[in-house]
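Q: just need the structure, nothing else, for what follows:
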Amino acid sequence: MQDKTHMVSKQDALAGRSQSMLAPDCVHAINRRALSAGYPEGAECILFGMGCFWGAEKCFWSLPGVWVTAVGYSGGFTPNPDYEEVCSGMTGHNEVVLVVYRPEEIEIDDLLQVFWQQHNPTQGMRQGNDVGTQYRSAIYYQNSRQQQRALASRQIYDRDLSASGFMPVTTEICAAAEFYFAEQWHQQYLHKNPMGYCGLGGTGVSLSPV
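A: Residues are numbered from 1 along each chain as shown. Below you'll find the model as predicted:
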């Protein structure tokens, strides 16, 4: 049995499949924009891991300047995993939210502020009662500015949390690997199921200006 708090090795990861879990014509349940294509020119993408991706996506989908959001899996080894495979701990993937945004309308710093303040980034391979590598805190960037601002904000928030008695930040920050869309029923889950489970909870500590 895989210890869900330790990363599986590449050679032991599940084989996965070539077909995506999401139909290519799937649209956002709220704004009806395509999830996997048709992003506007100049739009940028970033991936956030904050624990269960249902609550994480809800933090971003209504922000002005965010074009579309989607949930999926990244940071591991298995191509096109399904939800049960990710939850087994045998794919290495993280549950993440894809945020597609227009940088002329919303700054990366605004997205990072939401990221840091809406979860507890000090818990390692868990978030609250959700335990496993798929719940780790992570930022997977796609350009150098995102990387720079993510690293700077982590340093500042680590200091802010330490001053409030928290343990060090465990958030991993690295270049985005392949993103695999989750099954359609996960997309905008808390919009479709307003009383659905959400284990997301912040620390109550605000991020100082970066």
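Q: how near is Pro24 to Gly124?
A: Distance from Pro24 to Gly124, counting by C-beta to C-beta, to the nearest Å: 36 Å. Bear in mind the C-beta positions are built from the backbone N, C-alpha and C, glycine included.
Q: which one of those two is surrounded by more residues?
A: Between Pro24 and Gly124, counting by other C-beta atoms under 10 Å, Gly124 is the more crowded of the two (15 against 10).
Q: you'd agree that one is up against Ala138?
A: No: using C-beta atoms under 8 Å, Gly124 makes no contact with Ala138, being 11.5 Å away.
Q: in the longest helix along the chain, what's buried?
A: In terms of residue count, the longest helix belonging to the chain (DSSP state H) is helix 144-163. Neighbour-count burial for helix 144-163, counted by 16 or more other C-beta atoms under 10 Å, picks out Gln146, Gln147, Arg149, Ala150, Ser153, Arg154, Ile156, Tyr157, Asp158, Asp160, Leu161.
Q: return the set of buried residues in stretch 169-186.
A: So, applying 16+ other C-beta under 10 Å, buried residues of stretch 169-186: Val169, Thr170, Thr171, Ile173, Ala176, Phe179, Tyr180, Phe181, Ala182, His186.
Q: what average pLDDT does that stretch get?
A: Model confidence over stretch 169-186, given as mean pLDDT, is 98.
Q: run through who's touching stretch 182-193.
A: For stretch 182-193, the external contacting residues (C-beta atoms under 8 Å, 6 or more residues apart in numbering) are 21-23, 26, 28-30, 35, 53-55, 57-58, 61, 69-73, 82-83, 95, 181, 196, 198.
Q: could you list which of those residues belong to strands?
A: Thr69, Ala70, Val71, Gly72, Tyr73, Glu95, Phe181 (DSSP state E).
Q: looking at those, which two lie furthest apart in space?
A: Greatest spacing in the ones in strands among the contacts of stretch 182-193, by C-beta to C-beta: Thr69 and Tyr73 (14.8 Å).
Q: the two: which has the busier surroundings?
A: When Thr69 and Tyr73 are compared for neighbours, Tyr73 comes out ahead with 30 against 27, by other C-beta under 10 Å.
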